[in-house]
Each structure stands twice: as C-alpha cells, then as structure tokens.
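[1] Quick one, what's the 3D model for this:
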Amino acid sequence: MARTPSPDGDLFGEAATAQTSAPRGAVPLAERLRPHELAEVIGQPHLVGPDGTLTRMLERGSLASLILWGPPGVGKTTIARLLADRAGLVFVQISAVFSGVADLKRVFEEAARRRRTGARTLLFVDEIHRFNRAQQDGFLPVVEEGTITLVGATTENPSFELNGALLSRCQVLVLRRLDDDALEQLLRRAEAVTARKLALTDAARAALRAMADGDGRAILNMAEQLFAANPSAPLDEAALATIIARRAALYDRDREEHYNLISALHKSMRGSDPDAALYWYARMLAGGEDPRYIARRLTRFAVEDIGLADPGALTQAIAAWEAYERLGSPEGDLAIAQLVLYLATAPKSNAAYRAFGAARRAAQATGSLMPPAHILNAPTKLMKNLGYGAGYEYDHDSEEAFSGQTYFPDGMSRETFYRPAGRGAEQEIKRRLLHWAKLREDRE
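    Numbers count the residues shown, from 1 in each chain. The predicted model follows:
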C-alpha cells in the first residue's frame, strides 16, 4: 500500500533508508528516517516490542479502535500508518484542527462504500481532542458498526477532553516521552543515513538531546540544522546555543501539565523535600505559570498540610504573596521561592484539615440541633425566663480558666474532631488538650 507522506510525522526508527525517490536534499531528515515496521519504532517497547500491546493485538488479528495519547514527536502518526499497513486497512488521515462535520460525513461515506467492496478503513484523526462533543459523538455509530477502525491522536488527557461514550469504544494507549537513550539512537540513525558525524563535543551532544525535551521530530530537525551549518570544528555547548534554540518546555496553564506540576510541587513539599519542591516551582515559572496562582496554592498548603504544627506558616504564605504583589516578577519570584522552602521544611500536620472535614460531616448529619441552653445569649427578660444562659459558668472564674462544661447540642454526644499530630507546635497543643480532657473527666 502506498504511503502518503505527512509533514508532521512524528517518530523515527532504526530504518536508515529513504522512503521516496525524490532527491535526498529535498526530503526532510525526519521523513527519510520514518520506520517501515512497527518493530523499528524507537522508545515505545511497551506498545510495539515483542510483548507490546499492539504487537499482541495484531497477532490476534483484533485491531481495536484506539486513542494514542502522548506528547509531540513520540510516534503517534507513524504508529497509525504502520498499523494500517500491517492490518491491511486503507489509511485515511484527517486533522481535527482543519476538519468539520462535512469532512467527517464525506470520510464516513467513503469508508462505507469501501466496506461494501470488501476493503476496510483505518481513520487516523490527529488532535482528536479538538473536535467538540457533538463532533465526537458522530464517530460512535461508524465505530460501533465497524465502518471504520478509529485511531485518534491527542496530546491532552483523554479523560478530560474526550466524551465518555467515545472513550468506552476505544482503547487508550499511552506513548512515552523519548528518553535520552532513544534520542541518542535517533542521532545515530541520522548520522548513518547522511554518512556524516555531527560536529559536537560530548557535552554539546548531551545538550542537544536535552534541548529536544523528549521530542524525536525536534531532535532530527535540529540535527538537520547542524548538518546544514557544517561547522569546521566540533561545537561546544555555547556555540551550539548560537545555532539551535532550546525547545520550549511543554506546559499549558489550563491543561493537564498544569495540574501535574502543581501536584508535583504540593507533594514534594508534603514530603519535606525542599530541593524537589524548588525544582517544580522553577518548572512552573519556566512554563509561564502566573506566580499568583502558585502563591494561592501555597497558602492553601500552609493550612492543609502544616496547620497548627507551625502556625507561622500561614503568616509566611500571606507575607510572600503580598511581597510578590508589591514587587512583581522577577524580584517577587524569590519571595515565593523562600515560601516554598519554608513550607517544605516546616513540621507537617493535616490535623486541622481532617478535623474540619469531620466537623462538616457531623454538622450535615445532625441537622438543626440547638445549642445547649446554658450557652445561649439572653438579652431579653423573656429569654432569661425561658432558661437561656441559665447555669453558664464563666471559664475565667474557674480554676485553671477551664469550667469543663459541654458545648455540644443537647441530644448529641461529645465528638473529638481535632487530633493534633504531636509535631512542631502541635506537641504543646496536644499536651493542653489531654490536660483539659482529664479535668473534664474529673468534673463528670
């Protein structure tokens, strides 16, 4: 089956032979290195290795509709093409960015005609998450009837971006970001197919792999620029940077990476690892995150994960937030960095967080029980005659300023919501609560 070259093909394998008769100089290096077989695809052994998911699926002759989820340049388009070849399906490709309802209808009608002649269609939909919900629903009948085998590609979390009904009819496969070894394999394939060695020092070669940030297409495009530059001597890291620009880190402030990184920051601080926490904070800033959002989340952390183990944590959080508002970036970024270090190294307790949750559940369960009469305010004679405030003991007049009276509603037994962790300042709070509990027990 003839292949239709794709300008955005995104993974390259060990095959080092051109797939076109056009002059080598006219064909991008990435296209020349496109694999001929699934086994040649680099970096995804869990899918295309001997025991990979797709390998087993093809051996059984049961290719399901798929959603390929992964970052750019890891092989989604290439894998879809090779699946069509192996399964004997007609490969049709559309992009959700440039296609609408009319395009989908035409593709479905052509697939139905093809099916009547005994041919089957693999429809590859690039950026499938960009179709709206109604357009996604349009795939349901043709997938269910077997008119098409759908392979959708997305860089976004399918759980957030795709209809549940469509997801239930497809198997989601995760493609991994290319690691350093996989990127080095691609560089070697590039050198083999061009019969040239990249003029880079070892440190610059490592820097080039880092610049690609896990994107196979990106590293081959950068290699192609270096071949074209044809330096007379191996480039060091500084010289490399004058020719190649570092690829921007993947980060979208309203997409999954946003939540992944704030989760990493939060959990690093909870795990008392200031170095990891600083790293994730720096990653978020590098991705363009608004420091105010980070300050807000750190303030929440101060009360959720530290609480009364260090009552100063909340004060520090508000102070850092205010400092950023006064200074802005980049000066104010350091105030938030200091806060990250403070929170990561502070004693941890979620006792206040758990206590509040337990109290809310109890409040919902007990409805509108009245406070006990002795703690009701009695500003009028009628209220005093009804017993409001009767029997109230003013704690400051009691020994140790503790009366031990009950303050829970009549008809509700005493509950213990707050259980200090015994770390940091909560160690002293725990001691006081145990002492008061003993006084209350003696009174009763």
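[2] Run through who's touching the host helix or strand of Y259.
    Element membership for Y259, per DSSP states H and E: helix 256-270. Helix 256-270 is contacted from outside by 156-157, 160, 250-252, 276-277, 279-281, 283-284, 287, 289, 293-294, 297, 301, 305, 340, 343-344, 348, using Cβ atoms under 8 Å, 6 or more residues apart in numbering. No exception for glycine: its C-beta is placed from N, CA and C like everyone else's.
[3] PyMOL command for the buried members of the residues you listed?
    A single PyMOL command selects the buried members of those (16 or more other Cβ atoms under 10 Å):
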select buried, resi 156+157+250+251+276+277+280+281+283+284+287+289+294+297+301+305+340+343+344+348
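[4] So which of the contacts of helix 256-270 sit within helices?
    Judged by DSSP state H, those include 160, 276-277, 279-281, 283-284, 293-294, 297, 301, 340, 343-344 as members of helices.
[5] Using PDB, write down the CA coordinates of the strand or helix carrying R209.
    Element membership for R209, per DSSP H and E: helix 202-212. In PDB, the C-alpha atoms belonging to helix 202-212 read as follows (Å, rounded to 0.1, in the frame of the first residue of the first chain):
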ATOM      1  CA  ASP A 202      30.200  15.100  24.000                       C
ATOM      2  CA  ALA A 203      28.800  17.800  26.300                       C
ATOM      3  CA  ALA A 204      27.200  19.600  23.400                       C
ATOM      4  CA  ARG A 205      25.700  16.400  22.100                       C
ATOM      5  CA  ALA A 206      24.100  15.800  25.500                       C
ATOM      6  CA  ALA A 207      22.900  19.400  25.500                       C
ATOM      7  CA  LEU A 208      21.300  18.800  22.100                       C
ATOM      8  CA  ARG A 209      19.400  15.800  23.500                       C
ATOM      9  CA  ALA A 210      18.200  18.000  26.400                       C
ATOM     10  CA  MET A 211      17.100  20.700  24.000                       C
ATOM     11  CA  ALA A 212      14.800  18.200  22.300                       C
END
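[6] Enumerate the positions of it that are buried.
    204-205, 207-209, 211-212.
[7] How about stretch 418-427?
    By 16+ other Cβ under 10 Å, the buried positions in stretch 418-427 come out as 418, 420-421, 423-426.
[8] And the helices in the stretch 101-250 of the chain?
    101-116, 133-137, 139-144, 158-161, 164-167, 180-194, 202-212, 216-229, 237-243 (DSSP state H, counting those that start in this stretch).
[9] For my notes, please list those in a markdown table and give distance to G367 and mean pLDDT for each entry.
    Listed next are these as a markdown table, based on distance: least, Cβ to Cβ, whole Å; pLDDT from 0 to 100:
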| stretch | distance to G367 | mean pLDDT |
| --- | --- | --- |
| helix 101-116 | 52 | 92 |
| helix 133-137 | 40 | 89 |
| helix 139-144 | 45 | 93 |
| helix 158-161 | 37 | 85 |
| helix 164-167 | 36 | 90 |
| helix 180-194 | 60 | 94 |
| helix 202-212 | 60 | 91 |
| helix 216-229 | 60 | 91 |
| helix 237-243 | 67 | 88 |
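[10] would you turn these into CSV with distance to E400?
    CSV is the format used below for these (distance: least, Cβ to Cβ, whole Å):
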stretch, distance to E400
helix 101-116, 76
helix 133-137, 64
helix 139-144, 71
helix 158-161, 55
helix 164-167, 60
helix 180-194, 65
helix 202-212, 64
helix 216-229, 70
helix 237-243, 69
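[11] Can you tell me which of those helices is most buried?
    Highest mean neighbour count of these: helix 216-229, a mean of 20 (counted as mean count of other Cβ atoms under 10 Å).
[12] how far is it from where the chain is centred?
    29 Å (Cα atoms, centre = their mean, to the nearest Å).
[13] before we move on, what about stretch 312-324?
    Taking mean C-alpha positions (Cα atoms, centre = their mean), stretch 312-324 and its chain are 27 Å apart.
[14] ok, residues contacting that stretch?
    Contacts for stretch 312-324 (Cβ under 8 Å, 6+ apart): 291-292, 295-296, 298-299, 301-303, 306-307, 332-333, 335-336, 338-339, 342-343, 346.
[15] Any regions of this protein where pLDDT drops low?
    1-26, 246-257 (pLDDT under 70).
[16] please redo it, this time with the cut-off set to 50
    Where the chain drops to pLDDT under 50, the residues are 1-22, 24, 253.
[17] Which parts of it are strands?
    For the chain, strands defined by DSSP state E occupy the ranges 66-69, 90-95, 121-126, 148-154, 171-174.
[18] so how many other residues sit close to the closest residue to T299 other than its chain neighbours?
    Nearest non-adjacent residue to T299, counting by Cβ to Cβ, 6 or more residues apart in numbering: A317, 4.1 Å away. Using other Cβ atoms under 10 Å, A317 has 24 other residues around it.
[19] from the contacts of stretch 312-324, which would you call buried?
    Buried among these (16+ other Cβ under 10 Å): 291, 295, 298-299, 301-303, 306-307, 332-333, 335-336, 339, 342-343, 346.
[20] measure the nearest residue to I244 once chain neighbours are set aside to Q185 for me?
    With sequence-adjacent residues excluded and distances taken as Cβ to Cβ, 6+ apart, I244 is closest to M222, at 5.1 Å. Distance of M222 to Q185, given as Cβ to Cβ, to the nearest Å: 15 Å.
[21] With M269 instead?
    From M269 to Q185 the distance is 37 Å (Cβ to Cβ).
[22] isn't G75 right up against V41?
    Yes - the pair G75 / V41 is scored as a contact, 5.4 Å apart, by Cβ atoms under 8 Å.
[23] Now for the residue nearest to I219 when sequence neighbours are not counted: which residues touch it?
    Leaving aside its sequence neighbours, I219 sits nearest to A212 (Cβ to Cβ, 6+ apart; 3.7 Å). By Cβ under 8 Å, 6+ apart, the contact set of A212 is 73, 178, 183, 218-219, 222, 247.
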